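Peer 1: pasting a predicted model and its sequence here:
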Amino acid sequence: MGENENATKTDFIRSKITDDLKLGKYSGRVHTRFPPEPNGYLHIGHAKSICLNFGIAAEFTGLCNLRFDDTNPEKEDVEYVDSIKEDVKWLGFDWQERMFYASDYFDQLYEWAVQLINTEKAYICELKSEEFKGYRGTLTEPGKNSPHRNRSATENLELFSGMKAGKFEENRYVLRAKIDMSHPNLHMRDPVIYRIINASHHRTSSKWHIYPMYDYAHPLSDSIENITHSLCTLEFEIHRPLYDWFIHALELESRPQQTEFARLNLTYTIMSKRKLLELVTEKLVHGWDDPRMPTICGLRRRGYSPNSIRNFCDKIGITKFNSSTDIALLEHCVRDDLNTTSKRVMVVLHPLRVVIENYPENQVEELDAINNPEDESMGSRKVPFSKEIYIEQNDFLEDAPKKFFRLTPGKEVRLRYAYYITCTQVVKDEETGEIIELRCTYDPETRGGSSPDKRKVKGTLHWVSARQAVDAEVRVYDRLFTVEEPDAVKDDDGYEKFLNPASLEILTNCKAEPSLADASVGSRFQFERQGYFNVDPDSASSEQLVFNRTIALRDSWAKKNK
Ligand code: ATP
Ligand code: MG
């Protein structure tokens, strides 16, 4: 196993691993893990951790495990386990046969707790939770020893096995590590390592009545799996002495080292699992995979590609200080990827009927359209053209200012891949005055979109032939929040207030070119002049095609914020 020779990425974690390898630490092994708690769906912040852990394993010819940190039966569920597996795979990573659960280690973790009791490094405490605080001390004052701290090992063992057997109600006893109640780091003041929970676990069902705390289970699970580099977010830095303490106290040979990095925060985005759950349970969004959610399944449904998310994670890199990343960077990565990979098609979102008066009745021409000007290998397709077409309502103005280069009476425009047309008449609803149809003429000499006399035409419009058009619903999304840091809003202020009322607009009367008729769920397109869109799973059960707008062609917020 070699040095990081092909690596293009550098950051303090990769440098450290390179140094460890030079020093021959862990006999040249690199083994990481991604340890989600199955209590919610993964979000874009988790993607950062997934790309880091699996990415490092790949770059250093190492391994990365997927481990479910399932130590809290009350909040965990197989629904989450399944979604996490699906999301990690979709992002493009493979744990091979190394999928584990902290609950796989419950027997071993229990034995080690017994060992801590036997070596007088742990004791059963029965202080009430209200009393706990008084004994704990503060940042400036030392804590006090629990009156139960010197219980004999025999008595501790008996109580502990009683806890395990379910003899006691919750909160009656806890097992605490015996460290130092005056330690400057509060996490080292005899932390709780086991508590009684009389709840059924999604894997071990009712076998256990006690469950280990994260700070205890995590380092020991890492050690059991022979992890070398345990990478986690900065808030765990202060827990690191405790991480090391357990490994030393149990004299374990496999000694992983914890290194912390800054978590991802994104503007206009909530990343707290608890708040995301709230959005779902309070029906402020339509579920975990609502395309407005920053969850991996939401982004997937929205049309983001795994590649764009991985590129984003590469771009933001890894640092040691918390900051906020502009969501425009993520959006840029999405556009960048979709631009080269998605097929161009024509879809009219707000249709206006146009009748071409001098075009032969019943004639249909099949015109050549290029699938992606950025990539010739994507080829071309045929689009039908006929006497009646649809254009966008806002591509026509009756009294247009000089700089309006789209359709206006008397001025010529180009229909993409088709002909030049000139508007000759505007048909209005007699009662409302609303424009319901345009009458135009076309120049048969301009087939394909250019004229033999090279006359100048500034505007080019997309269009769809009326008779062959496929009906579609298009869901247009915008940011879910109107404020830059919705996570920073205090609970009492109710961050719901900052939900963007225009985050979802449903257009039910869209007209798509017929090549889209059998587009499969999930496939991604660029709708010419509009943005990137994909086919929503609802298409399978709906009368008409359903599209999601993944993202507009340009960043409209950049202008607004100027
Ligand atoms: P919880 O409060 O439920 O613990 P969590 O967001 O920490 O929420 P976990 O399932 O414990 O969720 O996270 C799994 C891994 O993903 C952890 O290693 C965690 O550090 C990492 N992670 C979570 N959120 C982010 C984020 N925003 N940026 C980078 N890594 C993250
Ligand atoms: Mg966590």
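Peer 2: Happy to help now that I have it. Ligands and ions are numbered 1, 2, ... in the order given.
Peer 1: flag every residue of this protein that's near ligand 1.
Peer 2: Residues of the chain lying close to ligand 1 (Cβ under 6 Å from any ligand atom) are 35-37, 39, 45-46, 48-49, 232-233, 263-264, 271, 273. The C-beta positions use only the backbone N, C-alpha and C, and glycine is treated the same way.
Peer 1: narrow those to those that are buried.
Peer 2: 35-37, 39, 45-46, 48-49, 232, 263-264, 271, 273 (16 or more other Cβ atoms under 10 Å).
Peer 1: just send those back as a markdown table, with secondary structure and pLDDT too.
Peer 2: Listed next are those as a markdown table, based on DSSP: H, G, I helix; E, B strand; the rest coil; pLDDT from 0 to 100:
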| residue | secondary structure | pLDDT |
| --- | --- | --- |
| 35 | coil | 98 |
| 36 | coil | 98 |
| 37 | coil | 96 |
| 39 | coil | 95 |
| 45 | helix | 98 |
| 46 | helix | 98 |
| 48 | helix | 98 |
| 49 | helix | 98 |
| 232 | strand | 97 |
| 263 | coil | 97 |
| 264 | coil | 97 |
| 271 | coil | 93 |
| 273 | helix | 91 |
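Peer 1: report pLDDT for the residue in the stretch 451-562 of the chain that ligand 1 sits nearest to.
Peer 2: Per Cβ to the nearest ligand atom, residue 487 is where the stretch 451-562 of the chain lies closest to ligand 1, at 9.9 Å. Looking at residue 487, its pLDDT reads 82.
Peer 1: hang on, the earlier thing: ligand 1: which of the buried ones among the residues of the chain next to ligand 1 is nearest?
Peer 2: Nearest to ligand 1, judged by Cβ to the nearest ligand atom, of these is residue 45 at 2.2 Å.
Peer 1: find the nearest non-adjacent residue to that closest one, please.
Peer 2: Nearest residue to residue 45 in three dimensions, chain neighbours excluded: residue 264, at 4.3 Å (Cβ to Cβ, 6 or more residues apart in numbering).
Peer 1: over to residue 171?
Peer 2: Nearest to residue 171 is residue 129, by Cβ to Cβ, 6+ apart, at 6.4 Å.
Peer 1: separation between residue 247 and ligand 1?
Peer 2: Separation of residue 247 from ligand 1 (Cβ to the nearest ligand atom, to the nearest Å) stands at 18 Å.
Peer 1: repeat that for residue 398.
Peer 2: For residue 398, the distance to ligand 1 equals 51 Å [Cβ to the nearest ligand atom].
Peer 1: next one: residue 357
Peer 2: Using Cβ to the nearest ligand atom, residue 357 is found at 59 Å from ligand 1.
Peer 1: and that residue, what does it touch?
Peer 2: 424, 439, 440, 441 (Cβ atoms under 8 Å, 6 or more residues apart in numbering).
Peer 1: state the pair within those residues that is farthest apart.
Peer 2: Maximum pairwise distance in these, criterion Cβ to Cβ, is 8.2 Å, between 439 and 441.
Peer 1: now list whatever residues contact both of these two.
Peer 2: Contacts common to residue 439 and residue 441, judged by Cβ under 8 Å, 6+ apart, are 357, 424.
Peer 1: and the residue of the stretch 451-562 of the chain closest to ligand 1, what does it touch?
Peer 2: Applying Cβ under 8 Å, 6+ apart, the residues contacting residue 487 are 265, 269, 270, 271, 272, 275, 495.
Peer 1: make TSV out of those and add secondary structure.
Peer 2: Shown next, in TSV, are the contacts of residue 487 (DSSP: H, G, I helix; E, B strand; the rest coil):
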residue	secondary structure
265	coil
269	coil
270	coil
271	coil
272	coil
275	helix
495	helix
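Peer 1: tell me the one of the residues you listed nearest residue 415?
Peer 2: So of the contacts of residue 487, ranked by how close each gets to residue 415 (Cβ to Cβ), first place is residue 269, at 39.7 Å.
Peer 1: name the nearest residue to the closest one, sequence neighbours excluded.
Peer 2: Nearest residue to residue 269 in three dimensions, chain neighbours excluded: residue 294, at 4.8 Å (Cβ to Cβ, 6+ apart).
Peer 1: who are the contact partners of the residue nearest to residue 45?
Peer 2: Taking Cβ under 8 Å, 6+ apart as the test, what residue 264 contacts is 44, 45, 47, 48, 271, 316, 325.
Peer 1: break the chain into its domains for me.
Peer 2: Under the assignment automatic domain parsing, the domains of the chain span 12-261, 273-343+473-560, 347-462.
Peer 1: and residue 463, what pLDDT?
Peer 2: Per the predicted model, pLDDT is 98 at residue 463.
Peer 1: picking up where we left off before, report the buried members of the contacts of residue 357.
Peer 2: Looks like the contacts of residue 357 have 440, 441 buried, using 16+ other Cβ under 10 Å.
Peer 1: which of the contacts of residue 357 fall in strands?
Peer 2: 424, 439, 440, 441 (DSSP state E).
Peer 1: chain neighbours aside, what residue packs nearest to the first one?
Peer 2: Read that as residue 424. residue 439 (5.3 Å).
Peer 1: partner residues bridging that neighbour?
Peer 2: Beta bridges link residue 439 to residue 355, residue 425 when assigned by DSSP bridges.
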